[in-house]
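A.B. asks: Provided below are the primary sequence and the corresponding predicted coordinates.
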Amino acid sequence: PDRLKFIDAFLCFIVLSGVLQFVYCVLVTNFPFNAFLAGFAIQWQFVLTASLRAQVNPENRSEFKEVSPERAFADFALGSIVLHFFVFNFLG
């Protein structure tokens with residue numbers, strides 16, 4: 001479905017962003033270090049997005065019978081908001 005293709009594209013973007021951040025840190029600088037560490041919260045965004053993909057995939061309906069796609073997206077959105085709140089506070 002188109003919904004899964006969109007989520008897969010976002011997962012690819014997250015992986016690419018993480019690789020670029022790491023390469024920048026290795027080749028250029030990691031100053032300020034707390035910003036570098038906060039940037040790697042993208043790994044947790046990947047985990048949240050992969051969980052969303054697993055829950056909205058029609059092939060996994062038997063495993064997530066009680067979770068509707070709308071509920072899965074609401075959980076994803078709330079988790080992302082909390083994650084970014086902590087990252088924003090960590091940056092100072």
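C.D. replies: Good, I have the coordinates. Numbers count the residues shown, from 1 in each chain.

A.B. asks: I'd like the average pLDDT over the longest helix seen in the chain.
C.D. replies: Of all the segments assigned as helix in the chain under DSSP state H, the longest by residue count is helix 2-27. Helix 2-27 comes out with an average pLDDT of 90.

A.B. asks: following the chain past it, name the next helix or strand.
C.D. replies: helix 33-39 (DSSP states H and E).

A.B. asks: surely Phe40 and Gln21 touch.
C.D. replies: Yes - taking C-beta atoms under 8 Å as the definition, Phe40 is a contact partner of Gln21 at 6.8 Å. (Each C-beta comes from the backbone N, C-alpha and C, glycine too.)

A.B. asks: overlap in contacts, these two.
C.D. replies: Taking C-beta atoms under 8 Å, 6 or more residues apart in numbering as the criterion, Phe40 and Gln21 do not both touch any residue.

A.B. asks: re the thing from before, now the longest helix of the chain: buried residues?
C.D. replies: By neighbour count, and taking 16 or more other C-beta atoms under 10 Å as the criterion, the buried residues in helix 2-27 are Ile7, Leu11, Ile14, Gly18.

A.B. asks: out of the residues you listed, who's nearest Lys65?
C.D. replies: Ile7 (20.2 Å; C-beta to C-beta).
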